[in-house]
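> Predicted model and sequence follow; I will ask about them next.
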Amino acid sequence: MQAQTKSIKVTDIKRSWHLVDAKDKILGRVAVEIAAKLIGKAKPYFVRNQDCGDYVVVINAKYVKVTGHKEKEKVYTRYSGYPGGLHKKMLWELRADKPDEIIRRAVMGMLPKNRLRASMITRLHVRPESVHEFADKFI
């Protein structure tokens with residue numbers, strides 16, 4: 001008789017906490033690292049149809065680097081759906097207003113485009129400086 005693969009239950013998923021320092025790191029490379037931890041790809045019981053990722057706290061988001069001329073040329077757009085509702089912001093403007101949104105948007109684009117995406121992104125905590133309230137989780 002063959003041994004069968006057991007399915008993992010939601011109650012059996014063990015979530016750990018990871019601290020990522022984005023200071024002087026390239027945006028895309030740090031976003032790949034964060035997305036893999038949020039998805040849970042390194043876990044032995046990883047399956048695509050369940051959310052088995054970990055919690056990720058990113059500090060120093062204000063100091064993340066980009067290559068080339070992206071600082072002045074990269075444009076973030078959003079559209080409200082109404083006429084004249086197209087809003088554009090350059091990377092340097094977004095860094096001044098909401099530096100945590102730069103990393104959040106980069107990671108969001110690397111997560112799977114399905115129903116699990118919303119629950120994965122809720123476990124991402126991005127802080128512009130090195131101060132965060134999750135110090136007790138990393139003991």
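Cool, got the structure.
> Quick one: low-confidence residue ranges for the protein.
For the chain, the stretches flagged by pLDDT under 70 are 1, 139.
> List the buried residues for the lengthiest helix in it?
Using DSSP state H to define each element, the chain has its longest helix at helix 27-39. Residues 27, 30-31, 33-35, 37-39 are the ones in helix 27-39 that count as buried (16 or more other CB atoms under 10 Å). The way it works is simple: take the backbone N, C-alpha and C, and place the C-beta from them, glycine included.
> Next, the residue lying closest to residue 33 once chain neighbours are set aside: secondary structure please.
Using CB to CB, 6 or more residues apart in numbering and skipping the chain neighbours, the partner closest in space to residue 33 is residue 20 (6.6 Å). Three-state call for residue 20 (DSSP: H, G, I helix; E, B strand; the rest coil): strand.
> quick one: residue 20 and residue 27, what's the gap?
Residue 20 sits 12 Å away from residue 27, going by CB to CB, to the nearest Å.
> and if you look at residue 70?
Separation of residue 70 from residue 27 (CB to CB): 8 Å.
> Then residue 19?
18 Å.
> Specify the beta-bridge partners of the closest residue to residue 100 other than its chain neighbours.
Leaving out its chain neighbours, the residue that sits closest to residue 100 by CB to CB, 6+ apart is residue 126, at 3.8 Å. Going by DSSP bridges, residue 126 is paired in beta bridges with residue 58.
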